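# sequence below, structure please.
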Amino acid sequence: MFLQRISLNMIIVLLLTLLNVSCQKSGPTVIKEEKFIEIYARLNIINHLSANKEFYDKLVSELLTLNKVSLAEINAAVEYYKLQPERWVTILEKVRERIKKLKLERIKQVPQVREKAEEPVKARPGKKPPARKRRKKRIIEEHNIR
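Here you go, the predicted structure:
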């Protein structure tokens, strides 16, 4: 009777262990939606901008390293979200919006760069002004433009 009780307890413990193992999630974890949208948007931009394979690979690896994810995790997230078509469509719409925002941010930065580039070049004392300024001054004088 004692042996039967021990063997019955062993069977129960084994069954509970099997149930516990089978209930655990297996496979890669899915990237959170907001993080995925940011990464996917930047991946699309990189894909459209870089024609050079080496440069593309470098940009992608920097992006993945910065966000601490792997390409396998990105692909797993894509497959996971594609299983839910309505959610996938909303994610793609959010990705499109994020790309537009990134482009607008970039465009806003460009005038600042242009302003710095258009600042006049200061000539050192005793030196001739740059050729561009001399040419502009000559044209103004020749055509009496003021």
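# which residues touch residue 54?
Residues in contact with residue 54 (CB atoms under 8 Å, 6 or more residues apart in numbering): none are found. (C-beta placed from N, C-alpha, C; glycine too.)
# ok, now how distant is it from residue 94?
31 Å (CB to CB, to the nearest Å).
# try residue 61
Residue 61 is 24 Å from residue 94, by CB to CB.
# and these two? which has more neighbours close in?
Of the pair residue 61 and residue 94, residue 94 is the one with more neighbours under other CB atoms under 10 Å, namely 17 against 11.
# so how far is residue 136 from the more buried one?
Distance from residue 94 to residue 136, counting by CB to CB: 49 Å.
# give me the low-pLDDT residue ranges for the chain?
Within the chain, the ranges that satisfy pLDDT under 70 run 1-28, 50, 110-130, 132, 142-146.
# list the buried ones in the longest helix seen in it?
Of all segments of type helix in the chain, defined using DSSP state H, the longest is helix 85-117. Residues of helix 85-117 classed as buried by neighbour count (16 or more other CB atoms under 10 Å): 91, 94-95, 98-99.
# got the contact list for stretch 70-85?
By CB under 8 Å, 6+ apart, stretch 70-85 touches 27-31, 33, 36, 39-40, 43, 60, 64, 87-88, 91.
# hmm, 6 Å instead?
Identification of contacts with stretch 70-85 by CB atoms under 6 Å, 6 or more residues apart in numbering yields 28, 30-31, 36, 87-88, 91.
# then stretch 60-69?
With CB under 6 Å, 6+ apart as the test, stretch 60-69 has contacts from 39, 42.
# in that stretch, what counts as buried?
Residues 60, 63-64, 67, 69 are the ones in stretch 60-69 that count as buried (16+ other CB under 10 Å).
# roughly how far does residue 71 sit from residue 133?
Distance, residue 71 to residue 133, using CB to CB: 52 Å.
# for residue 140, same thing?
10 Å.
# same check on residue 35?
Taking CB to CB, one finds residue 35 at 51 Å from residue 133.
# next one: residue 86
Distance of residue 86 to residue 133, computed by CB to CB: 62 Å.
# next one: residue 63
Separation of residue 63 from residue 133 (CB to CB): 43 Å.
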